[in-house]
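# Kindly return the folded structure for what I paste below:
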Amino acid sequence: MPHLKIEYTDNIEAQADMGTLCRGLAQVLGSLKDEQGLPLFPLGGTRVLAYPAPHHAVADGGDHAFVYLNLRIAIGRSDAMKTIAGDALLERAKAHFSSLFSERTLGITLQIDEGVQVYDGKHSNLHTLFSK
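Got it, this is the predicted structure:
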C-alpha cells in the first residue's frame, strides 16, 4: 500500500487524460516523506488505478462530472502525515482538472481510509525493484 482508486463519470473521458493523472498522483505518493525524512509509503506497494463509471447520476442528473479518489493505507502514519498526503493529492488532482473545471460542472472528492486488514494476502516481486 498505498492504493489509490479513482472513479469518475465517463462524460469526461475524452478530456480527462486519466493516465497522466494516475502517473502524477503516483509521483506525489512516492515523493512524500515522514517526520524522519523516510518515504511515507513504499514505492513498490504504490498503486493508482482509475475506472470510468458509464452509468451515473450526479446532483440533479444533468451532464455534471464527478471524480472520487479513495486512498487506502495501512495503520501507522500520524494524523499530520495523513493530512499532508491528502492535501498534496488533492492539489495535484485540482491542478490536473483545472481547465476542465473552468469548462463544466465538476466535483472532486478525496478520502483516505486506513484500517486493520481482516486478511492481507500478497504475492509480488515489485518491492525488490525498489529496495536496492
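# ranges for the strands of this structure?
Using DSSP state E, the strands found in the chain span residues 3-9, 47-53, 65-73, 106-114.
# for stretch 56-75, which positions count as buried?
Going by neighbour count (16 or more other C-beta atoms under 10 Å), the buried part of stretch 56-75 is 58, 64, 65, 66, 67, 68, 69, 71, 72, 73, 74. The C-beta positions use only the backbone N, C-alpha and C, and glycine is treated the same way.
# what's the angle from the longest helix along the chain to strand 3-9?
Assignment by DSSP state H gives helix 79-96 as the longest helix of the chain. Angle, helix 79-96 to strand 3-9, by axes from the mean of the first three to the mean of the last three C-alpha atoms, to 10 degrees: 40 degrees.
# re earlier: with mean pLDDT added, can I get the strands of the chain in JSON lines?
Shown next, in JSON lines, are these (pLDDT from 0 to 100):
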{"stretch": "strand 3-9", "mean pLDDT": "98"}
{"stretch": "strand 47-53", "mean pLDDT": "98"}
{"stretch": "strand 65-73", "mean pLDDT": "96"}
{"stretch": "strand 106-114", "mean pLDDT": "96"}
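# how about TSV for those, with distance to residue 80 added?
Formatted as TSV, these follow (distance: least, C-beta to C-beta, whole Å):
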stretch	distance to residue 80
strand 3-9	20
strand 47-53	23
strand 65-73	14
strand 106-114	13
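# Quick check: which of those strands is nearest to residue 38?
strand 65-73 (15.1 Å; C-beta to C-beta).
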